[in-house]
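K.L.:
need a structure here:
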Amino acid sequence: MTLVQPGAAAGLPADLTQTVVHLTQTAIAASDLTDGVTPTLEHLVRSTAAVGSAFFQVGGGSLAYHVRAATGEMPATPGMQAIAAHGLPADTPLMRALEVAPAPMFFPDTGTSPVTAGFPDLGVASLAAAPVRDGQGRLLGAFLMHTFTPHEWAPWEADLFTLVAGTIASLAGRLTAEEAARAAREEALRALGLALEARDRETHGHTDRVAGLAVRLATHLGWDDARVRALRWGAYLHDIGKIAIPDAVLLKPGPFTPDERTVMETHVQAGVSFATALTFLPAVALAVIHDHHERWDGQGYPTGKRGQEITVEGRLFALCDVYDALTSARPYKRAWTHGEAMDELRAQAGRQFDPALVDAFHEMMAALN
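P.N.:
Sure, this is the predicted structure:
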(Lines give C-alpha, C1' and ligand atoms only; values in the text may rest on other atoms or scores of the structure.)
Protein backbone atom coordinates (compact mmCIF):
# COMPACT_ATOMS: atom_id res chain seq x y z
CA MET A 1 0.00 0.00 0.00
CA THR A 2 1.26 3.46 -0.93
CA LEU A 3 0.31 6.88 0.44
CA VAL A 4 0.78 9.87 -1.86
CA GLN A 5 1.26 13.01 0.20
CA PRO A 6 -0.18 16.39 -0.85
CA GLY A 7 2.28 18.14 -3.15
CA ALA A 8 3.54 14.95 -4.78
CA ALA A 9 1.88 16.02 -8.02
CA ALA A 10 3.84 19.28 -8.27
CA GLY A 11 5.34 20.07 -11.66
CA LEU A 12 2.65 18.28 -13.65
CA PRO A 13 2.36 19.00 -17.38
CA ALA A 14 0.14 21.83 -18.58
CA ASP A 15 -2.41 19.53 -20.21
CA LEU A 16 -3.07 17.81 -16.86
CA THR A 17 -3.43 21.18 -15.17
CA GLN A 18 -5.95 22.18 -17.84
CA THR A 19 -7.81 18.92 -17.25
CA VAL A 20 -8.06 19.64 -13.55
CA VAL A 21 -9.27 23.18 -14.23
CA HIS A 22 -11.94 21.86 -16.62
CA LEU A 23 -13.16 19.18 -14.20
CA THR A 24 -13.21 21.72 -11.38
CA GLN A 25 -15.27 24.15 -13.43
CA THR A 26 -17.70 21.35 -14.28
CA ALA A 27 -18.07 20.40 -10.62
CA ILE A 28 -18.59 24.01 -9.54
CA ALA A 29 -21.34 24.48 -12.14
CA ALA A 30 -23.10 21.20 -11.27
CA SER A 31 -26.54 21.37 -9.71
CA ASP A 32 -26.10 18.16 -7.74
CA LEU A 33 -23.45 15.82 -6.45
CA THR A 34 -23.80 13.14 -9.14
CA ASP A 35 -23.40 15.63 -11.98
CA GLY A 36 -20.46 17.20 -10.15
CA VAL A 37 -18.34 14.08 -9.69
CA THR A 38 -19.26 11.88 -12.69
CA PRO A 39 -16.96 13.70 -15.19
CA THR A 40 -14.04 13.10 -12.81
CA LEU A 41 -14.84 9.39 -12.57
CA GLU A 42 -15.08 9.14 -16.35
CA HIS A 43 -11.74 10.89 -16.80
CA LEU A 44 -10.02 8.51 -14.38
CA VAL A 45 -11.26 5.48 -16.31
CA ARG A 46 -10.28 7.00 -19.68
CA SER A 47 -6.83 8.09 -18.55
CA THR A 48 -5.54 5.30 -16.28
CA ALA A 49 -5.50 1.51 -16.14
CA ALA A 50 -8.64 1.60 -13.97
CA VAL A 51 -11.57 -0.27 -15.50
CA GLY A 52 -14.09 1.34 -13.14
CA SER A 53 -14.45 4.22 -10.72
CA ALA A 54 -17.06 5.24 -8.17
CA PHE A 55 -17.90 7.84 -5.56
CA PHE A 56 -19.24 6.48 -2.26
CA GLN A 57 -21.10 8.79 0.12
CA VAL A 58 -21.93 8.15 3.75
CA GLY A 59 -25.59 7.39 4.45
CA GLY A 60 -27.86 8.28 7.33
CA GLY A 61 -26.40 7.41 10.71
CA SER A 62 -22.97 6.77 9.13
CA LEU A 63 -23.78 3.04 8.93
CA ALA A 64 -22.77 2.58 5.31
CA TYR A 65 -21.30 4.36 2.30
CA HIS A 66 -23.55 4.20 -0.75
CA VAL A 67 -22.66 4.55 -4.42
CA ARG A 68 -23.71 8.03 -5.60
CA ALA A 69 -21.98 7.92 -8.98
CA ALA A 70 -20.08 5.25 -10.89
CA THR A 71 -18.66 4.63 -14.35
CA GLY A 72 -16.83 1.87 -16.18
CA GLU A 73 -16.94 -1.82 -15.28
CA MET A 74 -17.99 -3.09 -11.87
CA PRO A 75 -17.44 -6.65 -10.64
CA ALA A 76 -20.44 -8.92 -11.26
CA THR A 77 -20.01 -10.71 -7.94
CA PRO A 78 -22.71 -11.31 -5.29
CA GLY A 79 -20.71 -9.21 -2.86
CA MET A 80 -20.63 -6.22 -5.21
CA GLN A 81 -24.35 -6.62 -5.87
CA ALA A 82 -24.92 -6.49 -2.11
CA ILE A 83 -22.84 -3.31 -1.84
CA ALA A 84 -24.81 -1.75 -4.71
CA ALA A 85 -28.03 -2.51 -2.84
CA HIS A 86 -27.02 -1.87 0.76
CA GLY A 87 -23.80 0.13 0.68
CA LEU A 88 -20.24 -0.40 1.88
CA PRO A 89 -20.29 -0.85 5.68
CA ALA A 90 -18.65 1.98 7.61
CA ASP A 91 -16.58 -0.53 9.59
CA THR A 92 -14.92 -1.85 6.43
CA PRO A 93 -11.14 -1.68 7.05
CA LEU A 94 -10.67 0.57 4.01
CA MET A 95 -13.19 3.14 5.24
CA ARG A 96 -11.69 3.03 8.73
CA ALA A 97 -8.28 3.71 7.20
CA LEU A 98 -9.64 6.58 5.11
CA GLU A 99 -11.00 8.23 8.25
CA VAL A 100 -7.43 9.00 9.31
CA ALA A 101 -5.54 8.86 6.01
CA PRO A 102 -3.76 12.15 5.23
CA ALA A 103 -3.71 11.42 1.48
CA PRO A 104 -4.99 9.01 -1.19
CA MET A 105 -3.99 5.37 -0.79
CA PHE A 106 -2.90 2.96 -3.53
CA PHE A 107 -3.07 -0.84 -3.36
CA PRO A 108 -1.37 -2.73 -6.26
CA ASP A 109 -2.73 -6.04 -4.94
CA THR A 110 -5.74 -6.00 -2.62
CA GLY A 111 -4.90 -9.53 -1.51
CA THR A 112 -1.73 -8.42 0.27
CA SER A 113 -3.04 -5.66 2.57
CA PRO A 114 -5.32 -5.95 5.61
CA VAL A 115 -6.72 -2.52 4.71
CA THR A 116 -8.35 -3.97 1.58
CA ALA A 117 -9.66 -7.11 3.25
CA GLY A 118 -12.78 -8.29 1.47
CA PHE A 119 -12.04 -6.58 -1.83
CA PRO A 120 -10.47 -9.66 -3.48
CA ASP A 121 -13.75 -11.49 -2.84
CA LEU A 122 -15.56 -8.65 -4.60
CA GLY A 123 -13.41 -9.14 -7.69
CA VAL A 124 -11.29 -6.01 -7.12
CA ALA A 125 -7.59 -6.81 -7.55
CA SER A 126 -6.02 -3.35 -7.27
CA LEU A 127 -7.48 -0.20 -5.81
CA ALA A 128 -6.92 3.53 -5.34
CA ALA A 129 -8.91 5.42 -2.72
CA ALA A 130 -9.15 9.15 -1.88
CA PRO A 131 -11.05 10.47 1.15
CA VAL A 132 -13.72 13.18 0.92
CA ARG A 133 -14.16 15.25 4.07
CA ASP A 134 -16.39 18.04 5.33
CA GLY A 135 -15.13 21.34 6.72
CA GLN A 136 -14.55 19.76 10.12
CA GLY A 137 -12.49 16.93 8.69
CA ARG A 138 -15.14 14.23 9.04
CA LEU A 139 -15.19 11.55 6.36
CA LEU A 140 -18.13 12.05 3.99
CA GLY A 141 -17.15 9.50 1.39
CA ALA A 142 -14.45 8.38 -0.99
CA PHE A 143 -13.37 8.28 -4.60
CA LEU A 144 -12.34 4.77 -5.63
CA MET A 145 -10.90 3.36 -8.85
CA HIS A 146 -10.05 -0.29 -9.46
CA THR A 147 -8.78 -2.99 -11.78
CA PHE A 148 -9.70 -6.67 -12.05
CA THR A 149 -6.08 -7.84 -12.11
CA PRO A 150 -3.19 -6.72 -9.87
CA HIS A 151 -1.74 -3.45 -11.11
CA GLU A 152 1.21 -1.40 -9.90
CA TRP A 153 -0.10 2.15 -10.06
CA ALA A 154 2.38 4.20 -12.05
CA PRO A 155 3.65 7.48 -10.59
CA TRP A 156 1.74 9.46 -13.22
CA GLU A 157 -1.46 7.57 -12.40
CA ALA A 158 -0.97 8.32 -8.72
CA ASP A 159 -0.28 11.97 -9.55
CA LEU A 160 -3.43 12.20 -11.67
CA PHE A 161 -5.63 10.52 -9.08
CA THR A 162 -4.18 12.59 -6.25
CA LEU A 163 -4.60 15.90 -8.05
CA VAL A 164 -7.97 15.26 -9.69
CA ALA A 165 -9.64 13.39 -6.85
CA GLY A 166 -8.14 15.70 -4.25
CA THR A 167 -9.35 18.83 -6.02
CA ILE A 168 -12.85 17.51 -6.70
CA ALA A 169 -13.08 16.00 -3.22
CA SER A 170 -13.31 19.45 -1.65
CA LEU A 171 -16.08 20.39 -4.09
CA ALA A 172 -17.83 17.07 -3.44
CA GLY A 173 -17.81 17.94 0.24
CA ARG A 174 -19.46 21.27 -0.54
CA LEU A 175 -22.07 19.66 -2.79
CA THR A 176 -22.78 17.07 -0.08
CA ALA A 177 -23.35 19.83 2.47
CA GLU A 178 -25.63 21.66 0.03
CA GLU A 179 -27.64 18.49 -0.55
CA ALA A 180 -28.02 18.01 3.20
CA ALA A 181 -29.23 21.59 3.56
CA ARG A 182 -31.75 21.12 0.73
CA ALA A 183 -32.98 17.90 2.31
CA ALA A 184 -33.45 19.63 5.66
CA ARG A 185 -35.34 22.47 4.00
CA GLU A 186 -37.54 20.06 2.11
CA GLU A 187 -38.46 18.16 5.25
CA ALA A 188 -39.26 21.42 7.01
CA LEU A 189 -41.47 22.60 4.14
CA ARG A 190 -43.29 19.29 3.99
CA ALA A 191 -43.79 19.41 7.75
CA LEU A 192 -45.44 22.82 7.37
CA GLY A 193 -47.83 21.42 4.80
CA LEU A 194 -48.65 18.44 6.99
CA ALA A 195 -49.18 20.73 9.98
CA LEU A 196 -51.83 22.56 7.99
CA GLU A 197 -53.49 19.23 7.22
CA ALA A 198 -53.74 18.56 10.94
CA ARG A 199 -55.80 21.74 11.23
CA ASP A 200 -57.78 21.43 7.99
CA ARG A 201 -59.35 18.04 8.60
CA GLU A 202 -60.80 17.77 5.08
CA THR A 203 -57.47 17.49 3.32
CA HIS A 204 -55.58 14.71 5.14
CA GLY A 205 -52.90 13.33 2.78
CA HIS A 206 -53.61 16.00 0.18
CA THR A 207 -50.17 17.60 0.41
CA ASP A 208 -48.19 14.48 -0.47
CA ARG A 209 -50.66 13.33 -3.10
CA VAL A 210 -50.82 16.60 -4.99
CA ALA A 211 -47.07 17.14 -4.73
CA GLY A 212 -46.53 13.69 -6.21
CA LEU A 213 -48.96 14.38 -9.05
CA ALA A 214 -47.32 17.71 -9.85
CA VAL A 215 -43.85 16.17 -9.87
CA ARG A 216 -44.96 13.36 -12.19
CA LEU A 217 -46.58 15.80 -14.61
CA ALA A 218 -43.55 18.11 -14.62
CA THR A 219 -41.26 15.13 -15.19
CA HIS A 220 -43.53 13.99 -18.03
CA LEU A 221 -43.08 17.44 -19.57
CA GLY A 222 -39.30 17.18 -19.30
CA TRP A 223 -38.64 19.77 -16.60
CA ASP A 224 -35.14 19.69 -15.12
CA ASP A 225 -34.47 18.47 -11.59
CA ALA A 226 -34.03 21.92 -10.02
CA ARG A 227 -37.32 23.15 -11.45
CA VAL A 228 -39.15 19.99 -10.35
CA ARG A 229 -37.74 20.37 -6.84
CA ALA A 230 -38.91 23.98 -6.66
CA LEU A 231 -42.36 22.91 -7.88
CA ARG A 232 -42.50 20.29 -5.14
CA TRP A 233 -41.57 22.88 -2.52
CA GLY A 234 -44.35 25.13 -3.78
CA ALA A 235 -46.76 22.18 -3.63
CA TYR A 236 -45.92 21.62 0.03
CA LEU A 237 -46.74 25.26 0.81
CA HIS A 238 -49.52 25.95 -1.70
CA ASP A 239 -52.21 26.43 0.97
CA ILE A 240 -49.98 27.57 3.84
CA GLY A 241 -51.86 30.89 3.94
CA LYS A 242 -54.84 29.05 5.41
CA ILE A 243 -53.11 29.27 8.78
CA ALA A 244 -54.39 32.86 8.80
CA ILE A 245 -58.02 31.85 8.13
CA PRO A 246 -60.31 31.69 11.20
CA ASP A 247 -61.60 28.24 12.14
CA ALA A 248 -65.19 29.44 11.72
CA VAL A 249 -64.48 29.85 8.00
CA LEU A 250 -61.82 27.22 7.35
CA LEU A 251 -63.72 24.39 9.05
CA LYS A 252 -67.23 25.40 8.01
CA PRO A 253 -68.98 22.25 6.68
CA GLY A 254 -71.39 24.01 4.36
CA PRO A 255 -71.13 26.55 1.54
CA PHE A 256 -69.57 29.96 2.21
CA THR A 257 -71.41 33.23 2.30
CA PRO A 258 -69.96 35.91 -0.02
CA ASP A 259 -68.15 37.48 2.92
CA GLU A 260 -66.76 34.13 4.06
CA ARG A 261 -65.55 33.38 0.53
CA THR A 262 -63.76 36.72 0.46
CA VAL A 263 -62.06 35.81 3.72
CA MET A 264 -61.09 32.37 2.39
CA GLU A 265 -59.59 33.85 -0.76
CA THR A 266 -57.19 35.94 1.33
CA HIS A 267 -55.24 32.75 2.04
CA VAL A 268 -53.35 33.16 -1.24
CA GLN A 269 -51.83 36.54 -0.40
CA ALA A 270 -51.22 35.40 3.18
CA GLY A 271 -49.40 32.37 1.81
CA VAL A 272 -47.28 34.48 -0.53
CA SER A 273 -46.33 36.78 2.34
CA PHE A 274 -45.38 33.80 4.50
CA ALA A 275 -43.41 32.09 1.74
CA THR A 276 -41.58 35.25 0.68
CA ALA A 277 -40.17 35.48 4.19
CA LEU A 278 -38.45 32.14 3.49
CA THR A 279 -35.76 33.79 1.42
CA PHE A 280 -34.37 30.51 0.05
CA LEU A 281 -37.58 29.66 -1.84
CA PRO A 282 -37.11 29.90 -5.63
CA ALA A 283 -39.50 31.82 -7.89
CA VAL A 284 -41.09 28.60 -9.15
CA ALA A 285 -42.27 27.73 -5.64
CA LEU A 286 -43.69 31.22 -5.09
CA ALA A 287 -45.49 31.02 -8.44
CA VAL A 288 -47.32 27.88 -7.34
CA ILE A 289 -48.53 29.57 -4.17
CA HIS A 290 -49.60 32.78 -5.93
CA ASP A 291 -51.24 31.37 -9.06
CA HIS A 292 -52.83 28.04 -8.17
CA HIS A 293 -56.34 29.57 -7.90
CA GLU A 294 -56.12 31.57 -11.14
CA ARG A 295 -58.19 30.30 -14.08
CA TRP A 296 -57.45 30.07 -17.78
CA ASP A 297 -60.60 32.15 -18.51
CA GLY A 298 -59.56 34.94 -16.14
CA GLN A 299 -62.24 34.21 -13.55
CA GLY A 300 -59.86 33.09 -10.80
CA TYR A 301 -58.17 34.87 -7.92
CA PRO A 302 -56.30 36.73 -6.47
CA THR A 303 -55.52 38.86 -9.57
CA GLY A 304 -57.73 37.47 -12.34
CA LYS A 305 -54.86 36.51 -14.62
CA ARG A 306 -55.89 34.97 -17.94
CA GLY A 307 -54.33 32.27 -20.14
CA GLN A 308 -50.59 32.40 -20.36
CA GLU A 309 -50.46 35.40 -18.04
CA ILE A 310 -50.68 32.69 -15.37
CA THR A 311 -47.31 31.10 -14.69
CA VAL A 312 -47.00 27.60 -16.09
CA GLU A 313 -46.16 26.39 -12.58
CA GLY A 314 -49.45 27.79 -11.31
CA ARG A 315 -51.39 26.31 -14.25
CA LEU A 316 -49.80 22.89 -13.82
CA PHE A 317 -50.34 22.76 -10.10
CA ALA A 318 -53.96 23.95 -10.32
CA LEU A 319 -54.77 20.99 -12.52
CA CYS A 320 -53.22 18.50 -10.10
CA ASP A 321 -54.83 20.24 -7.13
CA VAL A 322 -58.33 19.97 -8.56
CA TYR A 323 -57.85 16.36 -9.69
CA ASP A 324 -56.89 15.35 -6.15
CA ALA A 325 -59.80 17.32 -4.67
CA LEU A 326 -62.24 15.58 -7.03
CA THR A 327 -60.91 12.08 -6.32
CA SER A 328 -60.79 12.55 -2.53
CA ALA A 329 -63.75 12.02 -0.23
CA ARG A 330 -64.90 15.04 1.73
CA PRO A 331 -67.65 15.36 4.37
CA TYR A 332 -69.88 16.96 1.75
CA LYS A 333 -69.12 14.65 -1.22
CA ARG A 334 -67.97 11.19 -2.25
CA ALA A 335 -64.66 10.58 -3.98
CA TRP A 336 -65.05 10.76 -7.75
CA THR A 337 -63.64 7.95 -9.86
CA HIS A 338 -60.61 8.59 -12.02
CA GLY A 339 -62.79 8.54 -15.13
CA GLU A 340 -65.25 11.03 -13.69
CA ALA A 341 -62.45 13.36 -12.66
CA MET A 342 -60.79 13.16 -16.07
CA ASP A 343 -64.09 13.94 -17.77
CA GLU A 344 -64.41 17.05 -15.59
CA LEU A 345 -60.87 18.20 -16.34
CA ARG A 346 -61.50 17.83 -20.07
CA ALA A 347 -64.79 19.72 -19.72
CA GLN A 348 -62.91 22.57 -18.01
CA ALA A 349 -60.09 22.71 -20.60
CA GLY A 350 -60.04 26.25 -21.98
CA ARG A 351 -62.17 27.49 -19.10
CA GLN A 352 -60.54 26.66 -15.79
CA PHE A 353 -57.44 24.90 -17.13
CA ASP A 354 -54.77 25.24 -19.80
CA PRO A 355 -55.96 22.89 -22.59
CA ALA A 356 -52.42 21.78 -23.46
CA LEU A 357 -51.74 20.83 -19.85
CA VAL A 358 -55.02 18.89 -19.66
CA ASP A 359 -53.83 16.87 -22.66
CA ALA A 360 -50.44 16.30 -21.03
CA PHE A 361 -52.10 15.26 -17.77
CA HIS A 362 -54.26 12.77 -19.66
CA GLU A 363 -51.19 11.33 -21.41
CA MET A 364 -49.35 11.01 -18.10
CA MET A 365 -52.24 9.28 -16.34
CA ALA A 366 -52.79 6.95 -19.30
CA ALA A 367 -49.11 5.95 -19.16
CA LEU A 368 -49.41 5.17 -15.43
CA ASN A 369 -52.42 2.89 -15.93
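K.L.:
Show me where the stretch 101-250 of the chain has its helices.
P.N.:
119-122, 155-199, 206-220, 225-237, 247-250 (DSSP state H, counting those that start in this stretch).
K.L.:
same question, the stretch 251-369 of the chain
P.N.:
Under DSSP H, counting those that start in this stretch, the stretch 251-369 of the chain gives helices at 258-265, 267-276, 283-291, 312-327, 338-347, 355-368.
K.L.:
show me the contacts for Leu88.
P.N.:
Phe56, Ala64, Tyr65, His66, Met95 (C-beta atoms under 8 Å, 6 or more residues apart in numbering). C-beta: built from backbone N, CA, C; applies to glycine.
K.L.:
The third one: what secondary structure?
P.N.:
Same thing as Tyr65. The three-state label given to Tyr65 by DSSP: H, G, I helix; E, B strand; the rest coil is strand.
K.L.:
tell me the pLDDT at it?
P.N.:
The per-residue pLDDT reported for Tyr65 equals 91.
K.L.:
before we move on, back to that, figure out which of the helices of the stretch 101-250 of the chain is closest to Leu345.
P.N.:
Minimum separation from Leu345 across those (C-beta to C-beta) falls at helix 206-220, 11.9 Å.
K.L.:
follow-up on the earlier one: just tell me which of the helices of the stretch 101-250 of the chain ends up closest to Asp259.
P.N.:
Set against Asp259 and scored by C-beta to C-beta, those come closest in helix 247-250, at 9.2 Å.
K.L.:
Please work out which residues outside the closest one touch it.
P.N.:
Arg199, Asp200, Lys242, Phe256, Glu260, Val263, Met264.
K.L.:
Mean neighbour count, distance to Gly300 and mean pLDDT for the helices of the stretch 251-369 of the chain - can I get that in JSON lines?
P.N.:
JSON lines is the format used below for the helices of the stretch 251-369 of the chain (neighbours: other C-beta atoms under 10 Å; distance: least, C-beta to C-beta, whole Å; pLDDT from 0 to 100):
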{"stretch": "helix 258-265", "mean neighbour count": "14", "distance to Gly300": "10", "mean pLDDT": "94"}
{"stretch": "helix 267-276", "mean neighbour count": "19", "distance to Gly300": "10", "mean pLDDT": "92"}
{"stretch": "helix 283-291", "mean neighbour count": "24", "distance to Gly300": "8", "mean pLDDT": "96"}
{"stretch": "helix 312-327", "mean neighbour count": "22", "distance to Gly300": "8", "mean pLDDT": "96"}
{"stretch": "helix 338-347", "mean neighbour count": "15", "distance to Gly300": "16", "mean pLDDT": "96"}
{"stretch": "helix 355-368", "mean neighbour count": "15", "distance to Gly300": "15", "mean pLDDT": "94"}
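K.L.:
Confirm for me that Gly314 is in contact with Asp291.
P.N.:
Yes: using C-beta atoms under 8 Å, Gly314 makes contact with Asp291 at a distance of 2.4 Å.
K.L.:
hang on, the earlier thing: I'd like the helices of the stretch 251-369 of the chain written out as CSV, with distance to Gln25 added.
P.N.:
Below are those laid out as CSV (distance: least, C-beta to C-beta, whole Å):
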stretch, distance to Gln25
helix 258-265, 48
helix 267-276, 33
helix 283-291, 26
helix 312-327, 30
helix 338-347, 45
helix 355-368, 36
